[in-house]
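S.K.: heads up, no residue letters with this:
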């Protein structure tokens, strides 16, 4: 009978035993000195194990974290948003999973543009007016780009992208409910206490809920989705965010030109929202809203001055800008008279002013490649759907939603600066949508059919040779 010996254990079991022995003193110290940290580590370990076993949950977790990045967790090291924590969990899990199953891993099309942007941003940061203040921001952006690659690699499946659409819709409805429960004065501001940021979350959710309304055929579910859409549009109106009004209106108009059924639904819901708007008898609030809608408020003058400062920086430093992540320090590079320390309200011009025109062109190059693939993929899906392919009908529906999100996203960046995690997350989803469930190329009708080759006489078979018989 063979004796059992610990040195004859399997390698995984031996590593687990050694890891347990090594972590025992750390766990004992943490249980007495830092119980909260130990509890967070335990929860994180359970979450990582769950995500490794269920990789389809990775994308919804990252989407929800990015869209609730306004919720912060303060630590002795830094202040992290929920989106940052989601990135820190998802990226290592994705990396470990790809180490185990490396087959099928792919980078997003146009990844060279992102690499070029990162190199130009680093050069701009190091040669900027205050490089020390931008190191943390550059590290975050580099982490977000890794998260973009992870979300693309994880989302190239139609079902995962549909989960992402559902997650965006749920996040938008949750933001609407939370914002109304918090209350507002003149403008609805939400968790971030910033109406324009809340408008972004609500607009994303409204577009996804509209797409779900078109797809569903159940009357009860359609009524629920209609109520959710009415709630989202009501909250969008209460934000009094002009950029959201314009961008969301353009996205809906583009979408509705080919979706008559959706047009009727959205018009009906919008009519209900206008009727259900609260009657505000506060004269000062009415005057405030009227000034904003007429572009006659003070913020227009402030943004005009910021725009002039931005154009002055681009003219003086067109190649590398004032320094990546250092837009608020532009008064150290050029002489400005007003609005010092303000962030840019136009993402494209702000990127050109801070990192340079080449960095902006690199980002736009990636966006162009992504948009071209989405539009081509939808055209191919519609052709296959017309031929009776049921799966491609779902793909065309899904791509129409991401196209509407892409149009809204691009338009909204003309009136605001970039958010933290959500911009890069959405770019990864757009890139994945353009490559989702790509059909195999069908054989040509004129291709000749070759008969199977006959084995030659005397030729050896491809199987293993029989062992000699003694």
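M.R.: Arrived safely. Here the structure is a predicted model, which means the values were calculated and not measured.
S.K.: What ranges in the chain fall below the confidence cut-off?
M.R.: Within the chain, the stretches falling below the threshold (pLDDT under 70) are 1-17, 19-20, 22-34, 36-38, 75-77, 260-261, 263, 274, 276-286, 437-470.
S.K.: and the next element down the chain from the longest helix along it?
M.R.: For the chain, the longest helix by residue count, based on DSSP state H, is helix 357-386. Per DSSP states H and E, helix 357-386 leads on to helix 390-412 as the next helix or strand towards the C-terminus.
S.K.: Give me the helices and strands touching that next one, please.
M.R.: For helix 390-412, the elements it packs on are helix 158-182, helix 195-215, helix 242-256, helix 357-386, helix 422-433, judged by 3 or more Cβ pairs under 8 Å, 6 or more residues apart in numbering; DSSP states H and E. To be clear about C-beta, it is placed using only N, CA and C from the backbone, and glycine gets the same treatment.
S.K.: Using JSON lines, please lay out those helices together with distance to residue 339.
M.R.: As requested, the helices and strands packed on helix 390-412 are arranged in JSON lines below (distance: least, Cβ to Cβ, whole Å):
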{"stretch": "helix 158-182", "distance to residue 339": "29"}
{"stretch": "helix 195-215", "distance to residue 339": "17"}
{"stretch": "helix 242-256", "distance to residue 339": "18"}
{"stretch": "helix 357-386", "distance to residue 339": "21"}
{"stretch": "helix 422-433", "distance to residue 339": "24"}
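S.K.: mind putting those in CSV, mean neighbour count and distance to residue 334 included?
M.R.: Output for the helices and strands packed on helix 390-412, formatted as CSV (neighbours: other Cβ atoms under 10 Å; distance: least, Cβ to Cβ, whole Å):
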stretch, mean neighbour count, distance to residue 334
helix 158-182, 20, 38
helix 195-215, 25, 27
helix 242-256, 19, 26
helix 357-386, 18, 16
helix 422-433, 25, 27
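S.K.: closest to residue 123 out of those?
M.R.: Checking the helices and strands packed on helix 390-412 against residue 123 by Cβ to Cβ gives helix 357-386 as the closest, at 9.0 Å.
S.K.: who touches stretch 371-389?
M.R.: 109, 392-393, 395-396, 399-400, 402-403, 406, 430-431, 433-436, 438-439 (Cβ atoms under 8 Å, 6 or more residues apart in numbering).
S.K.: Buried subset of those residues, written for PyMOL?
M.R.: Selection of buried members from those for PyMOL, criterion 16 or more other Cβ atoms under 10 Å:
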select buried, resi 109+392+393+395+396+399+400+402+403+406+430+431+433+434+435+436
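S.K.: residue ranges of the strands in the stretch 51-200 of the chain, please?
M.R.: 72-74, 79-81 (DSSP state E, counting those that start in this stretch).
S.K.: what's the most buried one of those?
M.R.: Comparing the strands of the stretch 51-200 of the chain by mean neighbour count (mean count of other Cβ atoms under 10 Å), strand 79-81 comes out on top with a mean of 15.
S.K.: how much distance is there from that one to the middle of the chain?
M.R.: 18 Å (Cα atoms, centre = their mean, to the nearest Å).
S.K.: Tell me the strands beside it, with direction?
M.R.: Its sheet considered, strand 79-81 pairs with strand 72-74 (antiparallel) by DSSP bridges.
S.K.: that older thread, save the strands of the stretch 51-200 of the chain as CSV, and put in distance to residue 320 too.
M.R.: Putting the strands of the stretch 51-200 of the chain into CSV (distance: least, Cβ to Cβ, whole Å) gives the following:
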stretch, distance to residue 320
strand 72-74, 32
strand 79-81, 28
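S.K.: what's the distance between the closest residue to residue 340 other than its chain neighbours and residue 137?
M.R.: Closest residue in space to residue 340, ignoring its immediate chain neighbours: residue 331 at 4.7 Å, by Cβ to Cβ, 6 or more residues apart in numbering. Computed with Cβ to Cβ, to the nearest Å, the distance linking residue 331 and residue 137 is 18 Å.
S.K.: With respect to residue 146, which of the helices and strands packed on helix 390-412 lies nearest?
M.R.: Among the helices and strands packed on helix 390-412, helix 422-433 sits nearest to residue 146 (Cβ to Cβ), with 9.4 Å.
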